[in-house]
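Visitor: got a sequence here, can you model it:
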Amino acid sequence: MADDEVGLPRAAVNAAIREILPAGIRCSAEGQALFSTCLNELVNLIAFEANDKCAKRGKTTISPEDILESLHSLGLDEFVAAAKEALEALKDESKTKQQTKKRRNSKQDTGMTEEELRIQQERLFAQARAAQELELQHMNDDDENAGDGIGAIATAASAGDQPNYDEDDEDDDGDDAEEGD
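Guide: Numbers count the residues shown, from 1 in each chain. Alright, predicted model coming up:
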């Protein structure tokens, strides 16, 4: 198989080989490569046949029934029963997953009716609003208390009550008198 071709994962093929072979029997690397090539060719053959059946019916999606028909038309009838069992197992697994997901997402998990859930939601929203209003009140109280400090300075500055720092001012600390001496 060329490097650019898509094939079955080597680990999956090797695991299948180990599962099939009796205990104590090993498979060489060349044997594993041959198994991998044969499995890829088989998958490609079945896919080609199923695609051909779809195209003849004007369909663009291969269904499980197309694959089962392809196995039969290729003379691989001995695999049809196993394929049907695998399909049923897959459907059962899928159904179980969907049921589990529905139960997880449904109101059955809470044990509450829709009305009880609505009331609980309204109560939680009211608590959140109250907490937010309390926080805003604390912020406003902090702003009002800050008026005695920085807020008062800002208010005085905006009113024009700024200190005068003129050089001719004789009220300063007396440093000018020392310079004149």
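
Visitor: can you map out the strands along this structure?
Guide: In the chain, no strands are found when defined by DSSP state E.

Visitor: gap between the spatially most central residue of it and F48?
Guide: For the chain, K101 is the residue whose C-alpha lies nearest the centre (CA atoms, centre = their mean; 15.8 Å). According to CB to CB, to the nearest Å, K101 stands 35 Å off from F48. To be clear about C-beta, it is placed using only N, CA and C from the backbone, and glycine gets the same treatment.

Visitor: how about A82?
Guide: 21 Å.

Visitor: same deal with L34?
Guide: With distances taken as CB to CB, L34 is found 21 Å from F48.

Visitor: low pLDDT regions in the protein?
Guide: For the chain, applying pLDDT under 70 flags the ranges 1-5, 103-110, 145-181.

Visitor: kindly recompute the last result at 90.
Guide: 1-14, 16-18, 20, 23-24, 35, 57, 94-117, 134-181 (pLDDT under 90).

Visitor: mind checking the longest helix of it?
Guide: helix 114-145 (DSSP state H).

Visitor: number of residues surrounding I20?
Guide: The local packing of I20 (other CB atoms under 10 Å) involves 10 other residues.

Visitor: gap between stretch 135-146 and the chain center?
Guide: 41 Å (CA atoms, centre = their mean, to the nearest Å).

Visitor: now swap in stretch 24-42 and tell me
Guide: That offset, for stretch 24-42, works out to 38 Å (CA atoms, centre = their mean).
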